[in-house]
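**Q** sequence isn't available, so here's the structure alone:
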């Protein structure tokens with residue numbers, strides 16, 4: 001199976017995706033873009049789980065990846081509901097404009 005990329009290629013791709021997501025979380029102020037960046041980071045972790053699972057010949061990484069996808073779906077549902085409620089209240093999804101603790 002020489003046509004398959006090696007493990008290091010998958011890890012390098014996952015690292016690049018993770019850092020792109022991290023830069024998005026740290027630099028963007030739009031809450032929806034921040035959620036998309038978090039999803040990119042979670043998908044990078046999934047890629048590592050699946051790559052190592054295939055490399056080691058164990059299905060455990062696939063199970064962890066499935067669980068991460070379930071948690072990510074729940075996070076998106078709850079997070080987008082919160083963003084919609086904040087937008088209705090404040091008319092902005094900019095995280096700098098949102099201060100829930102202040103009356």
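**A** That came through, no problem. The structure displayed is predicted, hence computed values, not measured ones.

**Q** identify the residue nearest the geometric centre of the chain.
**A** Taking Cα atoms, centre = their mean, the centroid of the chain lies closest to residue 39, which sits 2.1 Å from it.

**Q** quick check: that one is in a helix.
**A** Yes: with DSSP: H, G, I helix; E, B strand; the rest coil as the criterion, residue 39 is part of a helix.

**Q** what sits against the residue nearest to residue 31 when sequence neighbours are not counted?
**A** The shortest distance from residue 31 to any non-neighbouring residue, by Cβ to Cβ, 6 or more residues apart in numbering, is to residue 93 (4.5 Å). C-beta: built from backbone N, CA, C; applies to glycine. Applying Cβ atoms under 8 Å, 6 or more residues apart in numbering to residue 93 gives the contacts 30-32, 83, 86-87.

**Q** now do the strands in this structure.
**A** In the chain, no strands are defined using DSSP state E.

**Q** name the helix or strand of it that has the lowest mean pLDDT.
**A** Lowest on mean pLDDT, DSSP states H and E among the helices and strands of the chain sits helix 60-90, with a mean of 89.

**Q** in that one, what counts as buried?
**A** Using 16 or more other Cβ atoms under 10 Å as the test for burial, helix 60-90 gives 61, 64-65, 72, 79, 83, 86.

**Q** does anything pack onto that helix? Which helices or strands?
**A** Packing partners of helix 60-90 (3 or more Cβ pairs under 8 Å, 6 or more residues apart in numbering; DSSP states H and E): helix 31-56.

**Q** angle of the helix it packs on against helix 60-90?
**A** Here the directions of helix 31-56 and helix 60-90 differ by 180 degrees (axes from the mean of the first three to the mean of the last three Cα atoms, to 10 degrees).

**Q** identify each buried residue in helix 31-56, please.
**A** Neighbour count says helix 31-56 has 31, 34-53 buried, by 16+ other Cβ under 10 Å.
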